[in-house]
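Colleague: Provided below for reference: sequence and predicted model.
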Amino acid sequence: MKRYSMFDPPEYVDWKPAAGIIEEYQRTISRDPQRANVISQLTQKQLLDLYAGMLRFRLHDITLRRWVKQGILAKAWLGTGEEAVTIGSVHALDRSIDKVAPMIRNAGACHEMGIPVVDMLLEYLGTADSPSHGKDLHVGDMDRGVIAPVSQVGALCPVVAGVALAFKQRREPRVVLTWIGDGATKTTAFHEGMNFAAVLRVPAIYVLQNNQIALGTRFQQHQAGPFTAWSKAYGIKGVSCDGNNVLDTYAATRLSANLARSGNGPAIVFAETFRMGGHATHDEKEAREIVAPEVFEYWGKRDPIGMYEYYLESQGTPKSALDAVEGDVIDEISRAERDALISRESNVPKPETAMENVYAETRAARAGKSSTPRPPKAGSTRKTPSK
């Protein structure tokens, strides 16, 4: 893939497969027979779709980073380095019926579930034609299976448990998946949601991302025991995966989703990864001061896109096929950026629309609304229009 010296982490700019890293990648996806079997069933199209998804995610983030440098945005929350956790998990689901609840830095989940990249960019710009009509930068679309995130980390944990409970009560063979950072596991909402899901044995998948730092707090500063202890604490199944290996993440999530879908209750997928930057674009310098250079160097060698690209070539995928995929994704992102910036100039939200469409409803519900006006509340002076 192309590298961008102004926007990529410095460890990625001249990325080359380091000695032993690709062998490590191969060992990871073959060490467990069940996962190896799941991976072996992937078609060439599915393998390339995973590649396209990670590229789309990286280039979406680079677009936001460029906008910050240009002064279009004040800051952005990126997932650079964590692409495999998000893309591998989403592709492991049945995207026609399952739902996901991403946090803002799992933006790749949105476009892989079908939300156009231009809509995601419009949400950041707050235009009138954005999915929330300029009200929020957290994008979602229930009709496409995406539960919109909120700012509070861990807050979607009980929401996901409730959605999964509805699936169980309706006897629907569906699952819902969310991602939770290592820092968010210390919140009240996380504990309440996990306990609720575990006790009622609902079909939910919780991908716990240990990206090594919570804001400015390193993992060792907020947890004494092993990260994988959470599954034992709640009495539910937990599996670990290499969060920078998209195939290992895919297989671990796929197997967990199959179990949950079959009535075996919730599951946790523990993913070890690393965010190659700060909490957001405004504190990337501080992140470099908080985290030792050796940590950035270690994870920089394990760029999830670079490793996967090299793996595909080693398995016989022609470089021309990868280049074609990248070219298509670059064109897609370029068109989305162009259309979003045009809309920014002409679609400023009107103040009087601030209270419109505040409550969520599906397109089907909106289409089926009656045109009959509501009767006035008691004591209201509003008159009902005459027929």
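Modeller: Received it, and whenever you're ready, just let me know what you need.

Colleague: buried set for stretch 253-266?
Modeller: Residues T253, R254, L255, S256, A257, L259, A260, R261, G265, P266 are the ones in stretch 253-266 that count as buried (16 or more other C-beta atoms under 10 Å). (Each C-beta comes from the backbone N, C-alpha and C, glycine too.)

Colleague: Make sure the first one is actually in contact with S89.
Modeller: What it means is T253. Yes - between T253 and S89 there is a contact at 4.5 Å, judged by C-beta atoms under 8 Å.

Colleague: Overlap in contacts, those two.
Modeller: Counting by C-beta atoms under 8 Å, 6 or more residues apart in numbering, the common neighbours of T253 and S89 are L177, I205, V207, V269.

Colleague: Show only the entries of those found in strands.
Modeller: Cross-referencing the shared contacts of T253 and S89 against strands under DSSP state E gives L177, I205, V207, V269.

Colleague: Now flag whichever of those residues is closest to D328.
Modeller: Nearest to D328 among these, counting by C-beta to C-beta, is L177 at 26.6 Å.

Colleague: and the gap between the closest residue to that closest one other than its chain neighbours and P149?
Modeller: In space, and not counting its chain neighbours, L177 is closest to I205: 4.1 Å by C-beta to C-beta, 6 or more residues apart in numbering. Distance, I205 to P149, using C-beta to C-beta, to the nearest Å: 16 Å.

Colleague: again, but for Y310
Modeller: Using C-beta to C-beta, Y310 is found at 32 Å from P149.

Colleague: out of those two, which sits in the busier spot?
Modeller: Neighbour totals were compared for Y310 and P149, and P149 leads with 26 against 17 (other C-beta atoms under 10 Å).

Colleague: Show the pLDDT at that one.
Modeller: P149 is assigned a predicted lDDT (pLDDT) of 90.

Colleague: Give me the pLDDT for R35.
Modeller: 98.

Colleague: One more: the one 10 residues further on?
Modeller: With respect to pLDDT, K45 scores 98.

Colleague: before we move on, what SS does it have?
Modeller: Three-state call for K45 (DSSP: H, G, I helix; E, B strand; the rest coil): helix.

Colleague: how close does the residue nearest the centre of the chain sit to V90?
Modeller: The centre of the chain sits closest to N106, judged by C-alpha atoms, centre = their mean, with a distance of 2.3 Å. Plainly put, N106 is 9 Å away from V90 if you go by C-beta to C-beta.

Colleague: repeat for T317
Modeller: Look at T317 and V90: by C-beta to C-beta, they are 21 Å apart.

Colleague: G145 now?
Modeller: 10 Å.

Colleague: Show me whatever sits in contact with both of the two.
Modeller: Here G145 and V90 have V100, M113 as joint contacts, going by C-beta under 8 Å, 6+ apart.

Colleague: out of these two, which sits in the more crowded spot?
Modeller: V90 (29 against 24).

Colleague: in which helix or strand would I find that one?
Modeller: For V90, the element it lies in under DSSP states H and E is helix 83-91.

Colleague: check contacts around the residue nearest to L177.
Modeller: 89, 175-178, 253, 256-257, 260, 266-269.

Colleague: again with L125
Modeller: By C-beta under 8 Å, 6+ apart, the contact list for L125 reads I72, L73, A340, L341, S343, R344.

Colleague: Show me the two of those residues that sit farthest apart.
Modeller: Spanning the widest gap among these are L73 and S343, at 14.7 Å by C-beta to C-beta.

Colleague: ok, back up a step: surely the residue nearest to the centre of the chain meets W179?
Modeller: Yes - in this structure N106 lies within contact range of W179 using C-beta under 8 Å: 4.9 Å.

Colleague: Now do the shared contacts for those two.
Modeller: Residues within reach of N106 and of W179 at once, by C-beta under 8 Å, 6+ apart, are V85, T86.
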